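Colleague: just need the structure, nothing else, for what follows:
(one chain, ligands or ions: 1)
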Amino acid sequence: IHALATAPGKSGVAVTRLSGPRAFDVAGALMTSLPKPRVASVRALQDRDGALIDEALVIVFDGDKSFSGEPTVEFQTHGSMAVISRLARVLSSFDGVRQAEPGEFTRRALENDQLSLLQVESLADLIESETEAQRRQAVNGFAGKVAERIELWRHDLMHAASLLEATIDFGDEDVPFDVTDEVDRSLARLSENITREINGFTGADRIRSGFVVAIVGPPNVGKSSLLNAIAGRDVAIISEIAGTTRDVIELRLDLDGIPVTFLDTAGLRETDDVVEGLGVERAMKRAESSDMRVHLVNPGEKPQLEVRDDDIVVVSKVDLSGHHGISASTGQGIEELLKNVSLRFKGIVNDAGILSWQRHVASAQDALELISVARTELKVGPDNYVIVAEEVRAAAR
Ligand code: GDP
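Modeller: Presented below is the predicted three-dimensional model:
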C-alpha cells in the first residue's frame with residue numbers, strides 16, 4: 001500500500017510512503033539502486049518507461065524499524081500536486097500495489113505490534129490537537145506514560161492474586177497464614193486510584209473535545225457583537241433588527257491552551273415567527289448542554305435564563321451606561337471576560353485524569369466492579385481465596 005503522509009496541496013516537500021512485503025522491489029524498480037536502510041539519499045525517480053518523475057530524498061526502513069512494522073520506503077518528493085499524483089499512479093501500476101485506505105498504515109502498525117491500541121488512540125488525538133493542552137495530553141499517551149500507570153495497577157492486582165494463590169498452595173502446611181488484611185489494603189488503595197482517574201475523565205475529555213460556552217441574552221443585547229469582538233473579525237451578522245440571528249454561530253478559540261467554542265445563540269424571546277422559533281428552540285438546547293453560559297444583560301436587567309454555578313453574568317454596552325461589564329464597541333472588559341472563562345475551565349483541566357477515551361473509562365469501571373466483588377468475597381476469609389484470586393485476575397485482565 002502507498003499513501004501521501006503529508007497534507008495534500010502545494011508545499012516544499014511531500015512525503016509518500018510505500019509499505020508492504022514487496023516495498024523494496026517496487027521502489028527499487030523506480031531508481032538505479034535502493035539506499036541503505038535509514039540512510040536518507042537523493043535518487044532520481046523514474047517511471048517504468050524510464051521517464052523522470054522527480055528527484056526525491058529516499059529513506060528505506062526494514063520491517064522491524066518502520067512505523068507499520070513492514071518493509072517501508074519513504075519518498076520525499078517536491079510538494080507538487082502533479083508530482084504526487086504521478087508517483088501515486090506509477091506505484092499503483094505495479095501488481096498487488098494500491099492506494100492505502102484511511103488509517104491503514106496505523107492499522108498495520110497495530111496488527112504488527114508496533115503500536116498499542118492506547119498509542120493508536122493517542123496518535124489520533126495528537127494529529128487532531130490544536131491547542132497546547134491537547135498536545136500535552138496526546139503526546140503523553142503516545143509516549144506510553146498512560147500505559148505505565150495502568151501497568152502499575154495491573155502489577156498490583158497480579159501481586160494480590162499471587163499472594164492469595166500462594167496461601168492456597170501451602171494451605172495444608174503447619175504455618176497457616178492469613179493474607180486477608182494485606183490483600184484488602186492493596187485492593188482498597190487500587191479502588192481509590194482507579195476511582196480518582198475515572199473522575200478525572202471529565203477534564204481529559206474536555207481537553208480532547210473542547211469546552212462549549214453559550215452567549216445568551218435577549219435580542220439586541222449585543223451577543224453577535226461580542227462574538228465578533230472576540231473573533232476580531234466578522235463571523236456573525238450584526239443588525240439592529242431583533243431576531244436576525246436565527247441559527248447558532250460558533251467560534252472556536254485557543255484560550256491559554258484550552259480549546260473553547262463560543263456559541264452565539266438566537267435572541268431568547270417569545271416569537272410567532274416559525275423559523276425564528278426554531279432558532280430560539282435550538283439555541284435553548286445548545287445553551288442548556290453547554291459547559292458554561294455567558295448571560296449578557298442590559299444595565300439594570302436580570303438574566304432571563306437560570307444562572308448556574310459556573311455561569312457568568314455580564315452587563316453589555318457599558319460604553320453607553322458606564323456600568324462595569326463589557327463593550328463590544330470599545331473592546332472594554334472583553335479580555336477580563338475571557339480570563340474569567342479560562343480560569344473556570346483551568347480547574348477542570350488541572351483535575352484531568354489519564355483516561356481520555358470512553359473506552360478507557362469503561363475498562364476501568366469493569367476492573368473497579370471486579371475489585372469490589374473481590375473485596376466482598378475476601379471478607380469470608382481464606383476458604384474463599386480461590387474465588388477472590390479469580391476475580392482479581394479478571395480485574396487485571
Ligand atoms: P444580539 O441580537 O444580542 O446578537 O445583538 P447585536 O450584537 O446584533 O447588537 C445589537 C445592536 O447593539 C447593534 O446595533 C450593535 O451595533 C449594538 N451594540 C452591540 N454591542 C454594543 C456595545 O458594546 N456598545 C454599543 N454602543 N452598541 C453595541
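Colleague: ok, Met284 - how many residues close by?
Modeller: 16 (other C-beta atoms under 10 Å). For the C-beta atoms, the positions are set from N, CA and C on the backbone; glycine is no exception.
Colleague: check the secondary structure at it for me.
Modeller: helix (DSSP: H, G, I helix; E, B strand; the rest coil).
Colleague: so how far is the ligand from it?
Modeller: 15 Å (C-beta to the nearest ligand atom, to the nearest Å).
Colleague: which stretches of the protein form helices?
Modeller: 23-28, 81-92, 104-111, 117-128, 132-142, 145-169, 180-199, 201-209, 223-231, 274-289, 318-321, 334-350, 358-378, 385-396 (DSSP state H).
Colleague: show me the shaky parts of the stretch 101-250 of the chain.
Modeller: 169-176, 233-247 (pLDDT under 70).
Colleague: change it to 50
Modeller: Applying pLDDT under 50 to the stretch 101-250 of the chain picks out residues 237, 239, 241-243.
Colleague: just give the nearest non-adjacent residue to Leu251, would you?
Modeller: Phe262 (4.6 Å; C-beta to C-beta, 6 or more residues apart in numbering).
Colleague: correct me, but the one you found touches Val216?
Modeller: No: using C-beta atoms under 8 Å, Phe262 makes no contact with Val216, being 11.3 Å away.
Colleague: residues contacting Gly333?
Modeller: 314, 318, 324-327 (C-beta atoms under 8 Å, 6 or more residues apart in numbering).
Colleague: could you rerun that using 10 Å?
Modeller: Applying C-beta atoms under 10 Å, 6 or more residues apart in numbering, we find Gly333 in contact with 226, 229, 314-316, 318-319, 323-327, 340.
Colleague: export those residues as CSV, with columns for neighbour count.
Modeller: Shown next, in CSV, are the contacts of Gly333 (neighbours: other C-beta atoms under 10 Å):
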residue, neighbour count
Leu226, 26
Ala229, 20
Val314, 22
Val315, 20
Ser316, 27
Val318, 19
Asp319, 16
His323, 18
His324, 11
Gly325, 21
Ile326, 27
Ser327, 21
Asn340, 14
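Colleague: from the residues you listed, which two are the most distant?
Modeller: Greatest spacing in the contacts of Gly333, by C-beta to C-beta: Asp319 and Asn340 (19.6 Å).
Colleague: follow-up on the earlier one: can you pull the residues that touch both of Phe262 and Val216?
Modeller: Common neighbours of Phe262 and Val216 (C-beta under 10 Å, 6+ apart) are 223, 290, 294.
Colleague: let me know the closest of the residues you listed to the ligand.
Modeller: Lys223 (3.4 Å; C-beta to the nearest ligand atom).
Colleague: list the contacts for the closest residue to the closest one other than its chain neighbours?
Modeller: Spatial nearest neighbour of Lys223, chain neighbours left out: Ile215 (4.7 Å); criterion: C-beta to C-beta, 6+ apart. Residues in contact with Ile215 (C-beta under 10 Å, 6+ apart) are 221-224, 226-227, 230, 249, 251, 262-265, 283, 287, 290, 293-296, 312, 314.
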